[in-house]
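Visitor: dropping a prediction and its sequence here:
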Amino acid sequence: MSQAETLFPGRWWHALPDGRVQCDLCPRDCQLHEGQRGACFVRQRVGNAMQLTTYGRSSGFCIDPIEKKPLNHFYPGSSILSFGTAGCNLACRFCQNWDISKSKDMDRLMDTASPKMIASAARRYGADAVAYTYNDPVVFAEYAIDTALACREQGIRNVAVTAGYIHPEPAREFFAVMDAANVDLKAFTEGFYHKLCVAHLQPVLDTLAYIHHATDCWLEITTLLIPGHNDAPEEINELVTWIARELGPDVPLHFSAFHPDWKMSDIPPTPPATLIQARRIARDAGLHHVFTGNIHDPEGGTTFCPSCHAALIVRDWYEIRRYDLSPDGHCPHCQTAIAGRFGKVLGRGGKAFGPNRIPVRLSA
């Protein structure tokens with residue numbers, strides 16, 4: 001253990017008859033001898049207990065637009081204080097944040113901040129919410145839950161950006177304190193999850209269904225389309241058909257463009273036409289709110305009324321160009337209720353935060 005690491009009692013584990021300790025946080029079910037770390041690297045057996053080694057330490061803080069998470073139907077135009085730690089419980093070969101999620105250098109966690117400090121900072125910087133992101137907050141669930149509770153005391157909302165790879169019991173506690181979540185549904189085949197993520201598909205589908213049907217947490221989904229791996233029209237049709245059938249037509253879906261990174265630097269970027277075609281397939285399957293990301297596609301960034309098809313929220317990248325919703329989230333043209341969480345005004349003070357990105361420091 002590095003001297004820079006701070007141990008914090010981990011939850012969701014049990015002792016095995018053979019003397020090992022099993023982590024019960026996620027479906028990896030890591031079974032550890034003394035001193036061993038789980039696949040996420042940040043959960044470690046110390047003595048006869050599980051410890052979280054990154055509690056209270058972050059890889060950085062930044063004020064972002066909510067649309068960057070991406071969340072398009074959760075208080076559009078608002079700002080959010082984003083942070084993460086290190087480590088991940090998946091092993092995605094295409095990771096877009098690999099320098100954080102794959103880091104085994106805990107000394108890169110330069111910002112030290114308690115849950116109360118984060119909540120106070122969000123209020124001080126005028127952020128409407130805190131996002132647990134960059135790496136997967138599942139692996140620092142204790143820290144995220146404590147911070148979310150502190151934020152709620154300050155009237156600050158909480159957002160999880162996650163792959164949803166978590167067991168049911170910790171999921172109940174985790175999503176009970178989250179106001180919104182964007183879950184990466186990385187593909188719709190077990191082969192993809194097994195080969196490229198060293199994981200399984202079904203636990204993610206179970207998490208999606210649980211969030212949508214059993215919690216008050218607003219849900220949006222992102223699928224990163226990787227050329228030759230998960231972008232076949234047949235697979236996309238199966239994915240969106242499952243969403244329409246199991247979650248309903250109103251859960252927003254974001255198709256995002258891949259760029260070469262980590263261990264898949266030999267794969268070309270996703271052509272814009274692939275995302276536009278995927279959006280068309282999803283809309284043909286009955287999904288009402290389908291967006292494209294990481295490409296310039298104003299139509300793919302716009303929220304349309306599912307009844308009269310009026311353009312209600314027109315976006316250009318992370319900037320809102322037009323906002324035409326009634327204060328209670330209805331289409332002003334035909335009075336159809338638009339699924340989401342909408343405030344009485346757009347953003348703080350009636351003005352959208354815009355495409356700004358503002359790094360901040362919380363500790364000396």
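Guide: Here it is on my side, so go on.

Visitor: could I get the phi/psi values of I243?
Guide: Per-residue torsions, I243: phi -60, psi -50 (degrees, to the nearest 10).

Visitor: let me see the contact set for it.
Guide: I221, V251, L253, A282, L287 (CB atoms under 8 Å, 6 or more residues apart in numbering). For the C-beta atoms, the positions are set from N, CA and C on the backbone; glycine is no exception.

Visitor: how much space separates it from L287?
Guide: In this view, I243 and L287 are 6 Å apart by CB to CB, to the nearest Å.

Visitor: identify the contacts common to these two.
Guide: V251, L253.

Visitor: what's the burial count for the closest residue to F342 other than its chain neighbours?
Guide: Nearest residue to F342, sequence neighbours excluded (CB to CB, 6 or more residues apart in numbering): G329, at 3.8 Å. Per other CB atoms under 10 Å, the neighbour tally for G329 reads 17.

Visitor: from memory G329 sits against T336, does it?
Guide: No - in this structure G329 lies outside contact range of T336 using CB atoms under 8 Å: 9.9 Å.

Visitor: low-confidence stretches in this protein?
Guide: Counting by pLDDT under 70, the ranges of the chain that qualify are 1-5, 98-110, 345, 347-350, 363-364.

Visitor: run through the helices of it in chain order.
Guide: Using DSSP state H, the helices of the chain run over residues 98-101, 115-124, 141-153, 168-176, 190-192, 202-214, 233-246, 272-284.

Visitor: flag every buried residue along the longest one.
Guide: For helix 233-246, the buried set under the neighbour-count rule, 16 or more other CB atoms under 10 Å, comprises E235, I236, N237, L239, V240, T241, W242, I243, A244.

Visitor: and it, how far out from the chain middle?
Guide: On the basis of CA atoms, centre = their mean, to the nearest Å, helix 233-246 sits 20 Å off its chain's mean C-alpha point.

Visitor: one more: the second one?
Guide: In terms of CA atoms, centre = their mean, the centre of helix 115-124 is found 20 Å from the chain centre.

Visitor: count of residues packed around L7?
Guide: Neighbour count for L7, taken as other CB under 10 Å: 15.

Visitor: ok, now how distant is the closest residue to it other than its chain neighbours from D111?
Guide: Take L7 and drop its neighbours on the chain: the residue closest to it by CB to CB, 6+ apart is Q51, 4.4 Å away. Per CB to CB, Q51 is found 20 Å from D111.

Visitor: with T53 instead?
Guide: Taking CB to CB, one finds T53 at 16 Å from D111.

Visitor: settle it for me: which of the two has more neighbours?
Guide: Looking at T53 and D111 with other CB under 10 Å, you find the greater number of neighbours at T53, namely 26 against 19.

Visitor: and that one, its phi and psi?
Guide: Torsion angles, degrees, to the nearest 10, at T53: phi -90, psi 0.

Visitor: wait, doesn't it sit right on L7?
Guide: Yes - with contact defined as CB under 8 Å, T53 reaches L7; the gap is 6.3 Å.

Visitor: only alpha carbons, please: show the longest strand anywhere in the chain as PDB.
Guide: Longest strand in the chain by number of residues, with DSSP state E as the criterion: strand 218-225. The C-alpha coordinates for strand 218-225 follow below in PDB (Å, rounded to 0.1, in the frame of the first residue of the first chain):
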ATOM      1  CA  TRP A 218     -33.900   9.400 -13.800                       C
ATOM      2  CA  LEU A 219     -32.300   7.100 -16.400                       C
ATOM      3  CA  GLU A 220     -30.500   7.800 -19.700                       C
ATOM      4  CA  ILE A 221     -28.400   5.300 -21.600                       C
ATOM      5  CA  THR A 222     -25.300   5.700 -23.700                       C
ATOM      6  CA  THR A 223     -23.900   3.200 -26.300                       C
ATOM      7  CA  LEU A 224     -20.400   3.900 -27.800                       C
ATOM      8  CA  LEU A 225     -20.500   2.500 -31.300                       C
END
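
Visitor: show me what that strand is packed against.
Guide: If contacts are counted by 3 or more CB pairs under 8 Å, 6 or more residues apart in numbering; DSSP states H and E, strand 218-225 sits against strand 180-184, helix 202-214, helix 233-246, strand 253-257, helix 272-284.

Visitor: what's the neighbour count on the spatially closest residue to I145 that is not a sequence neighbour?
Guide: Nearest residue to I145, sequence neighbours excluded (CB to CB, 6+ apart): V177, at 5.6 Å. Counted by other CB under 10 Å, the residues lying close to V177 total 17.

Visitor: residue contacts, V177?
Guide: Contacts for V177 (CB under 8 Å, 6+ apart) come out as I145, A148, L149, R152, N158.

Visitor: just S307 next, same as before
Guide: Contacts of S307 (CB under 8 Å, 6+ apart): C331, C334, T336.

Visitor: please report the distance of F175 from Y210.
Guide: As judged by CB to CB, F175 and Y210 stand 7 Å apart.

Visitor: same check on L287?
Guide: Noted for L287: a distance of 20 Å to Y210, by CB to CB.

Visitor: which one of these two has more residues nearby?
Guide: Using other CB under 10 Å, the more surrounded residue of L287 and Y210 is L287, with 23 against 18.
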